[in-house]
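Participant: Quick one: sequence and predicted model below, then my questions.
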Amino acid sequence: MKIGLVRCLQTEDMCPGSACFKVINEKKLAFDGITEDIEIIGINTCGGCPGKKAVTRTAEMVKRGADTIVLASCIFKGTPIGFPCPHAQEMKDAIVRKLGNSIKIIDYTH
């Protein structure tokens, strides 16, 4: 599995991504049951509200080899501050429209 990780721009000031990297490396939580190796192709932010830049940024990660796009837990779950992105579903839908159904999308990391 080759993943492109997207995180919330507003969360990056308080979160270095350690928990995301840990669950990816240990294949836990959202990655439980994955038997193949996981390679991180890239990590980027959504670009800030309302997340429009996530579309072109995920497309670039796919161009560079990602077969799975992972939306970090800060987007749908609001981790670590408990405030989910109000644009999360719209952002995901726009990514799916751009990339099609051949790319897997995971809604959280931990």
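Facilitator: Here it is on my side, so go on. Residues are numbered from 1 along each chain as shown.

Participant: For the chain, which segments count as helices?
Facilitator: 18-26, 53-63, 73-76, 88-99 (DSSP state H).

Participant: Quick check: mean pLDDT of the first one?
Facilitator: Across helix 18-26, the average pLDDT comes to 97.

Participant: Check the longest one too.
Facilitator: The predicted model assigns helix 88-99 a mean pLDDT of 97.

Participant: angle of that helix against helix 53-63?
Facilitator: Computed with axes from the mean of the first three to the mean of the last three Cα atoms, to 10 degrees, the direction of helix 88-99 lies at 40 degrees from that of helix 53-63.

Participant: Quick check: which helices or strands does helix 88-99 pack against?
Facilitator: Here helix 88-99 touches helix 53-63, strand 68-71, helix 73-76, strand 104-106, going by 3 or more Cβ pairs under 8 Å, 6 or more residues apart in numbering; DSSP states H and E. The C-beta positions use only the backbone N, C-alpha and C, and glycine is treated the same way.

Participant: let's see it at 6 Å
Facilitator: Packing partners of helix 88-99 (3 or more Cβ pairs under 6 Å, 6 or more residues apart in numbering; DSSP states H and E): helix 53-63.

Participant: Name all residues that make contact with the residue nearest the centre of the chain.
Facilitator: The centroid of the chain falls nearest to residue 71 when counting by Cα atoms, centre = their mean (2.3 Å). By Cβ atoms under 6 Å, 6 or more residues apart in numbering, the contact set of residue 71 is 6, 107.
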